[in-house]
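> Provided below for reference: sequence and predicted model.
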Amino acid sequence: MAPQDPGLFSDVEDDDVEDSPVPKPPLAEQHSEANEDHLSLIWLAFILFSGVVVFGAVLLLTAELTEAEASVDRVLTFLGMLASVAGIVLTYSVLGQLAFPSVWRFFQPLQGGVRFVALQIAAWTIFFFCLLLPMVPVIATFYYPDLMIKGFKLATGVLVILAQVVMVASLLAFDSDHSLAKPLRKIDPIGAIKRTQSDRWYSTFIGLQLLIAVGGSVMTVIADSYTGVSATVLFLSALCCFAFAAFLTYGIGGPWQHESRHWKFYQPGQGGRIFVALQGMAWACFTTASFLLLCEMENTVYPDDYVFFNLLTKASLPPVWVTAAIACLATVLNVISLTVYQGRPETIALASLPGNIVFRFLTVVTVSNLEKVVITFFVASLSLARVYPDIVVGTWVVLGSCYVFTYLGNPSMTGCRSRDWLFGSVWVEMAAAYFSLKVIYNNPRRLDPKHRYIFGFAPHGIMPLSAAYLTRTRTWMDAFPGIKPAVLSSSILHFVPLIRDAFQMLGGFEVTRDGIIAGLAHSGSAMLVPGGQLEMLDNDSSCKNVTLDTSHKGFVKLALQQAAKNPDHKYFLCPTYSFGETQLLDNIQTPRALQRFVTKLFGANIIFIPYGLGYLPGVPRPKPVTVVVGEAVEVPVCEHISLEHVELLHARYLDSLIAGIEAHKAKVLGNHEADAIVLKPPVRTLSERTFKRRFSSAKLQQTPVKLKPQRTSALEFTWMGLLLNALFWTVVYKAYGARLWEVLA
């Protein structure tokens, strides 16, 4: 029986085909023979449909730039639009079906991966914008016969080519794993094209980016001869062309050529010196051109002597051909930079380079002061509200409308906003390098990812900075492969914008009973700080006595309950101690009794003005941090849990914690030999043998568990909604209050 055609982009193994007396060629040759005709058909379809779109664009440009009769102009416009629409729709439907025969659907909302969906939204938005543009002059002439509007067909002609380019880019980014229909085999269109026709496809794709950049430059130069709405539309269309040319060249062309070299969209300082220099110049040119185009657009809308919020004069702007040249240069430099990319070294090695000390410092300071960014934004809004009321209020409306969607899915209890790409990212590794992070496990045997682990992080310090990013570093992943605990934090961190966003994207949950259970279900393990806010009150960087609060035992009881409820999984308590955590920050000195009262009243110490390096507020000291994970304590299965069981397991947990500290405090960096651990209140720890003997003989007393109702995001959303509403209306009053009182008066 003859082998079946493996399909366009499938990787066929020898076992997938029935035995045949004829020897099979190697896999690469077999794939090439099976798909060469099909790939050629895709290439011809791409050339045909793109040619139709270009033909339509030429007709539209002819109608715009030639002074033909009205009837001829209408015919050219109609034929141009018909050809452009047909080419774009056929590219999506026919070319998509040819490339992905087993999974492609004409209607597949939010399927195909994030990049595919984003590019599809962009392509269809430009497409419908192109449909509307030619109608505007006709409709305007109908109501205002003497009104002459030009430039719209020119913009449409260039934008239909842009829509086609973005449509093709979306097909290249299609991910069959996120499609409505699941294929029997992995589909990899870019991989298949690379194996057979890489140079031809890549050169054509890059050529299209240069084409739309040139098209944007032409529109920019021509727009200078128009005024009013016509000039604004042309400048805006040109800006769209430049933006897509830059981002598609880098975002699609980069991984296309260098995926095997660990290419990432965000890779600051990586790829070689020449690559970094060219990229810096390219994005500087793009930013400059975008700024100049926005100034030109403002000048067309508000034709006076000043632009950019009255800070620049119109005469200070360069000629538009200079702006067009700078924008084109940005795309050219982007393309050249891809040819000299030298690959991406390990992120942690990059983050540890002495030359990146400034980036490490800025990363840590920014992340440690996100709440100050929010406060600064609010203060700036109040300061600028009367000067630029429409801009300030409009910014609040847009940001507020977008931000409300971050509450969907109850992220503080489900982890739905967690982003795996942040694990081991340059941001996390910069923080790890700033603190010279090391991770030690006080046991020669590695933790098995099949089991469930609850890591208890101590001490809290002023802010448990290491706990926030520790489990997302490569250092942690090397020490505990396959174990990525859900980090649990105080509920207040899930209220403040930016802080909640950063924490939830790192996989953070609320440190509640339901939050711990949800974190264990989501990630298989969880990390919390049992000492909590009370340990912060006793933190002193100059003191060698480190106080650990032992009054919180709820996580121990919860571990016993989960072990009894899920006997199929083994549960472990993992004591985790961070040497140097208490030396990173200090808090402003206030009466201890007042801080305790405030902490109990609000659930957090709001008398909170931390300082560190050079007594600067919110700037942590770059002290070395070594995290020691004590020997994991297995949680026994106990059907009837008593208070004595909880106390015994807690004492065993603390014994493992103290053992890990004593075993390594003389070896780690930072001079911790004299550190003394103070348990408050005091607890008599238990060795493993004593714990097993006493636990088995503990009295059996069933303790009824009072289950709290499942927490949702309703409370978080309500309080934050009320606060943001109050801030928003304060800004609105500041912006329009004086004008309102004048009207009423």
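All right, it came through fine.
> which ones are touching the spatially closest residue to residue 331 that is not a sequence neighbour?
Using C-beta to C-beta, 6 or more residues apart in numbering and skipping the chain neighbours, the partner closest in space to residue 331 is residue 213 (4.1 Å). (C-beta placed from N, C-alpha, C; glycine too.) Applying C-beta atoms under 8 Å, 6 or more residues apart in numbering to residue 213 gives the contacts 241-242, 245, 327-328, 330-332.
> How far off centre is the host helix or strand of residue 213?
Per DSSP states H and E: residue 213 is located in helix 189-223. Distance, stretch centre to chain centre, for helix 189-223: 27 Å (C-alpha atoms, centre = their mean, to the nearest Å).
> Show me what secondary structure element comes after it.
helix 228-248.
> Check the offset of stretch 437-446 from the chain's centre.
30 Å.
> now the end-to-end length of that stretch.
20 Å (C-alpha to C-alpha, to the nearest Å).
> Show me which residues of it are buried.
For stretch 437-446, a neighbour-count test (16 or more other C-beta atoms under 10 Å) marks 437-442 as buried.
> and if you look at stretch 593-611?
For stretch 593-611, burial by neighbour count (16+ other C-beta under 10 Å) applies to 595, 598-599, 604-605, 608, 610-611.
> Tabulate those in JSON lines, adding columns for pLDDT, secondary structure and distance to residue 407.
As requested, the buried residues of stretch 593-611 are arranged in JSON lines below (pLDDT from 0 to 100; DSSP: H, G, I helix; E, B strand; the rest coil; distance: C-beta to C-beta, whole Å):
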{"residue": "595", "pLDDT": "79", "secondary structure": "helix", "distance to residue 407": "31"}
{"residue": "598", "pLDDT": "79", "secondary structure": "helix", "distance to residue 407": "28"}
{"residue": "599", "pLDDT": "75", "secondary structure": "helix", "distance to residue 407": "27"}
{"residue": "604", "pLDDT": "68", "secondary structure": "coil", "distance to residue 407": "21"}
{"residue": "605", "pLDDT": "72", "secondary structure": "coil", "distance to residue 407": "26"}
{"residue": "608", "pLDDT": "81", "secondary structure": "coil", "distance to residue 407": "25"}
{"residue": "610", "pLDDT": "89", "secondary structure": "strand", "distance to residue 407": "28"}
{"residue": "611", "pLDDT": "91", "secondary structure": "strand", "distance to residue 407": "33"}
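> would you list the residues you listed in CSV and tack on distance to residue 153?
Shown next, in CSV, are the buried residues of stretch 593-611 (distance: C-beta to C-beta, whole Å):
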residue, distance to residue 153
595, 69
598, 67
599, 67
604, 61
605, 65
608, 61
610, 60
611, 62
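> Pick the one among those residues closest to residue 675.
Each of the buried residues of stretch 593-611 was scored against residue 675 by C-beta to C-beta, and residue 610 proved nearest at 21.3 Å.
> ok, that closest one touching residue 536?
No: taking contacts as C-beta atoms under 8 Å, residue 610 lies outside contact range of residue 536: 9.5 Å.
> coming back round to it: pull the most distant pair out of the buried residues of stretch 437-446.
The most widely separated members of the buried residues of stretch 437-446 are 437 and 442, with 16.9 Å between them, by C-beta to C-beta.
> which residues of this structure fall in strands?
Secondary structure of the chain (DSSP state E): strands at 306-307, 312-313, 438-441, 452-458, 486-489, 509-510, 525-528, 545-549, 571-579, 586-587, 610-611, 626-629, 633-634, 676-680.
> Relative to residue 502, which of those is closest?
Among the strands of the chain, strand 486-489 sits nearest to residue 502 (C-beta to C-beta), with 10.9 Å.
> how much space between residue 465 and residue 493?
13 Å (C-beta to C-beta, to the nearest Å).
> nope, residue 48 is what I meant
Using C-beta to C-beta, residue 48 is found at 55 Å from residue 493.
> okay, the two: which has more neighbours?
Neighbours were counted for residue 48 and for residue 493 using other C-beta atoms under 10 Å; residue 493 has more, 21 against 14.
> Isn't residue 472 up against residue 426?
No: judged on C-beta under 8 Å, residue 472 makes no contact with residue 426 at a distance of 11.7 Å.
> same question for stretch 377-384, mean pLDDT?
Averaged across stretch 377-384, pLDDT comes to 89.
> Quick one: residues in contact with it.
391-392, 395-396, 727, 730-731, 734.
> Could you export those residues as TSV, including pLDDT?
Shown next, in TSV, are the contacts of stretch 377-384 (pLDDT from 0 to 100):
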residue	pLDDT
391	84
392	86
395	87
396	88
727	84
730	87
731	86
734	84
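> What is the nearest of these to residue 374?
Using C-beta to C-beta, those come closest to residue 374 at residue 727, 9.6 Å.
> What sits closest to that closest one if chain neighbours are left out?
residue 378 (5.9 Å).
> distance of the most centrally placed residue in the chain from residue 482?
The geometric centre of the chain, computed from its C-alpha atoms, lies nearest to residue 419 (C-alpha atoms, centre = their mean), at 6.4 Å. Going from residue 419 to residue 482 by C-beta to C-beta gives 19 Å.
> Overlap of the contact sets of residue 610 and residue 536?
462, 587.
> okay, now the residue nearest to residue 633 when sequence neighbours are not counted: neighbour count?
Closest residue to residue 633 apart from its sequence neighbours, by C-beta to C-beta, 6+ apart: residue 573 at 4.5 Å. When neighbours are counted by other C-beta under 10 Å, residue 573 registers 23.
> Contact partners for residue 573?
For residue 573, counting by C-beta under 8 Å, 6+ apart, the contacting residues are 453-454, 456, 555-556, 559, 632-633, 635, 649, 653, 656.
> again with residue 685
Taking C-beta under 8 Å, 6+ apart as the test, what residue 685 contacts is 651-652, 654-655, 658.
> Among these, name the ones in helices.
If you go by DSSP state H, the contacts of residue 685 have 651-652, 654-655, 658 in helices.
> lowest-confidence helix or strand of the protein?
Of all helical and strand segments in the chain, the minimum by mean pLDDT, DSSP states H and E falls on helix 347-351, at a mean of 48.
> residues touching the closest residue to residue 584 other than its chain neighbours, list them.
Sequence neighbours aside, residue 620 is the residue nearest to residue 584 in space, at 4.4 Å (criterion: C-beta to C-beta, 6+ apart). Residue 620 makes contact with 364-365, 368, 434-435, 465, 584-585, 612-613, according to C-beta under 8 Å, 6+ apart.
> For residue 723, see how far away residue 620 is.
Counting by C-beta to C-beta, the gap from residue 620 to residue 723 is 27 Å.
> What of residue 413?
Taking C-beta to C-beta as the measure, residue 413 falls 20 Å from residue 723.
> More neighbours: these two, which one.
Shown here are residue 413 and residue 723; by other C-beta under 10 Å, residue 413 has more neighbours (22 against 13).
> Settle this for me: that one is touching residue 519, isn't it.
No: using C-beta under 8 Å, residue 413 is not in contact with residue 519; the gap is 9.0 Å.
> so what's in contact with these two at the same time?
Counting by C-beta under 8 Å, 6+ apart, the common neighbours of residue 413 and residue 519 are residue 509.
> related to what we said a few turns ago, which members of the contacts of residue 213 are classed as buried?
Listed as buried from those are 241-242, 245, 327-328, 330-332; burial here means 16+ other C-beta under 10 Å.
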